[in-house]
Structures are given as structure tokens and as C-alpha cells.
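*Asks:* how would this look folded up:
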Amino acid sequence: MHKMHKFSAVSMVLVFLLSSWSFADVGQIQTFIIGGDNSLGLIEGAGAAANANLMTVELNQLTTDDGSGVTALQFQVGAVIQGANAAGGYGLLGAVQDGQAVGAQVQTIPPGEQLQYLNAELPQLVFKIGGIGAALGVQSFTGVQVQHILTPFGISANVQYMGVAAIDGIGGGPNNNSILSKGINISGGQQFR
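*Replies:* Numbering: from 1, shown residues only. Modelled structure (predicted):
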């Protein structure tokens, strides 16, 4: 994904997160973008190729109000995994992947309000034109968001899990020409007030 799109994604996340709070209430804001381009191709000749990427992220926020005895903790973790391979010959075989994940979290001071957001996009193209062989593309995103509020009266916890995978494969002989193109998007958020 181009840098301008990534900047736009972070900007939209911040607007989304801040829309329910005034600036005077916001204590901590964290954002992230992880992702990568993973591409491979075999042109003519015979052979095999494989690529893999693993990108992870972790955000943590902790706020304590000694006067009220309230403590707020929230964290996010996520991973984008990409893998592509092709084997064969005398044609054009390959895969193109551009997966990314965007996340953010806001915590107010004094503690008591928390908001989290996660989004993942996994566009993928797998192709085989002429020749004999196969191409495979696999991308996935797994994420977890956790919020805790501890008070003298009890504990509150919110937990959200997210996961999505795109798996595309093509194979065949010299008369088989195929192009698979798809994109998967998953979003989630949670708020504690």
C-alpha cells in the first residue's frame, strides 16, 4: 500500500477514536500500521520460488488515579503473516500480496474510558499463464484487544479476538490460464465507559 494510503488510514482511525471525546479528556493515544509487500514470480524456465513475511505489533497503556483507586489497563497485539510460492515452468506463475493492519487505542485521564480499534486488509493476486505448474498465496491477520478497569468495587474486562485468512491456489497444464484476485477486510472495536 502506498504511504499516502497508510497516512490516510491512520488519520481516519484517529478521527474515529476522537469523535466521542473532547481533547481535554484524552490522556493517551497509540496507533500502529503493520504490513508488507510480498511478491514472487517465475517467468519461462523451470524452477520454484517461495517468500514469507511475519509482522507483529503490541501496544500497552496503563493509567492509575491514586485519589480514586481506579486503574485502567488496555493492550492490543496483532500479526500479519504472508506466504507465497510457485513451482513449474515455461509460463508465468506467481503471487502478489499487500496485506496490512491498522490499530489504535485511546485512554482517558483520569482513568475510566477506553476505546480500541483494529482493521486488517489482505489484498492478494495469484496467477498462472501458460506453462505447467502451480502458484499459492496465503495471508492472515490475527489480533487481540483487551481492556481492564480495576476499582475498589470490582474489576471489569473486555476481550475481543479477530482472525481472517486468504488462501488462493492455481495449478494446471499449458492450456490453463488463470488469475485469482481477491481482498479480505476485517474490522473490530470495543469501548469501555
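*Asks:* Pro152 against Asp65, yeah?
*Replies:* No: with contact defined as C-beta atoms under 8 Å, Pro152 does not reach Asp65; the gap is 11.2 Å. Every residue, glycine included, has its C-beta placed from N, CA and C.
*Asks:* These two: which is more packed in?
*Replies:* Using other C-beta atoms under 10 Å as the criterion, Pro152 and Asp65 rank with Asp65 on top: 14 against 7.
*Asks:* so what's the closest residue to the more buried one other than its chain neighbours up against?
*Replies:* What sits nearest to Asp65 in space, not counting adjacent residues and going by C-beta to C-beta, 6 or more residues apart in numbering, is Pro110, at 4.3 Å. Pro110 makes contacts with 63, 65, 67-68, 70, as judged by C-beta atoms under 8 Å, 6 or more residues apart in numbering.
*Asks:* Low-confidence regions, the chain specifically.
*Replies:* Along the chain, the model assigns pLDDT under 70 to residues 1-26.
*Asks:* In it, what residue spans correspond to strands?
*Replies:* Under the criterion DSSP state E, the chain contains strands at 26-65, 70-108, 114-151, 154-172, 178-192.
*Asks:* for the last one, packing partners?
*Replies:* Taking 3 or more C-beta pairs under 8 Å, 6 or more residues apart in numbering; DSSP states H and E as contact, the helices and strands that strand 178-192 lies on are strand 114-151, strand 154-172.
*Asks:* What angle do strand 70-108 and the longest one make with each other?
*Replies:* Spelled out, it's strand 114-151. 170 degrees (axes from the mean of the first three to the mean of the last three C-alpha atoms, to 10 degrees).
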